[in-house]
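Asker: generate coordinates for the sequence data below:
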Amino acid sequence: MKMHKSLIVAISATALLTTACAAVSDNPEVGGAPMYEDKTIVENALNSNDHTTLVAAVKAAGLVDTLQSDGPFTVFAPTNAAFDKLPSGTVETLLKPENKATLQKILTCHVIAAKALSEPIKKMIDQDKGALPVKTVGGCEFTAMYSGDKIMLKDGQGNIANVTIKDVKQSNGVIHVIDTVLLPES
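Answerer: Below you'll find the predicted structure:
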């Protein structure tokens, strides 16, 4: 009986480890950190070395609670390098309390109120003859396109953001890492 219990415990532990490893291996690593499907967008973003500017902006804009809520959300998450492409001083200016509304607008233009994975996005792009209008939580409308396996978004100012890491599943949605900050029409 004792050996039977030990065997059950060992099998259970193995199954748990296998499930945990499968959950991590299904998700790409982002910014040097594993992304966990059972964590929220904010919890995972906090661990990414490539998204420290985005995390600081989300905090300054007062959007942490929103992005930790149930969702579902799709977040097109610009990297630190994407923010670095903006004109000098832009990020610092946006992080000031008096610019909170502008920062909220820009950040919520990176969010869709649905869980949108890359393959369904590509199918919708095909159905719309190669250019899918995407309406964001922030009221922006961008255009999604793709070439080969790469999804791209054209913002309100004509800038193109490439999805560099797709389908990073979260407990409350999905993140697609992008290389350019999306901006509303001016």
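
Asker: the longest strand seen in the chain pairs with which strands?
Answerer: Taking DSSP state E as the criterion, the chain has its longest strand at strand 160-170. Here strand 160-170 is paired, per DSSP bridges, with strand 150-154 (antiparallel), strand 173-178 (antiparallel).

Asker: what segments of this protein are helices?
Answerer: Secondary structure of the chain by DSSP state H: the helices cover 2-26, 41-45, 52-60, 64-68, 80-84, 90-94, 100-108, 118-127.

Asker: now stretch 118-134: buried residues?
Answerer: Going by neighbour count (16 or more other CB atoms under 10 Å), the buried part of stretch 118-134 is Ser118, Ile121, Lys122, Ile125, Leu132, Val134. To be clear about C-beta, it is placed using only N, CA and C from the backbone, and glycine gets the same treatment.

Asker: would you mind extracting the C-alpha trace of that stretch into PDB?
Answerer: Taking C-alpha atoms only, stretch 118-134 is exported to PDB below (Å, rounded to 0.1, in the frame of the first residue of the first chain):
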ATOM      1  CA  SER A 118      -2.300  35.500 -35.300                       C
ATOM      2  CA  GLU A 119      -3.900  32.800 -37.400                       C
ATOM      3  CA  PRO A 120      -7.500  34.100 -37.000                       C
ATOM      4  CA  ILE A 121      -6.100  37.700 -37.700                       C
ATOM      5  CA  LYS A 122      -4.500  36.400 -40.900                       C
ATOM      6  CA  LYS A 123      -7.800  34.800 -42.000                       C
ATOM      7  CA  MET A 124      -9.700  38.000 -41.300                       C
ATOM      8  CA  ILE A 125      -7.000  40.000 -43.300                       C
ATOM      9  CA  ASP A 126      -7.500  37.500 -46.200                       C
ATOM     10  CA  GLN A 127     -11.300  38.000 -46.000                       C
ATOM     11  CA  ASP A 128     -10.800  41.800 -46.200                       C
ATOM     12  CA  LYS A 129      -8.600  41.400 -49.300                       C
ATOM     13  CA  GLY A 130      -5.300  42.000 -47.500                       C
ATOM     14  CA  ALA A 131      -6.100  45.000 -45.300                       C
ATOM     15  CA  LEU A 132      -8.100  44.500 -42.100                       C
ATOM     16  CA  PRO A 133      -9.400  47.600 -40.200                       C
ATOM     17  CA  VAL A 134      -8.700  47.200 -36.500                       C
END
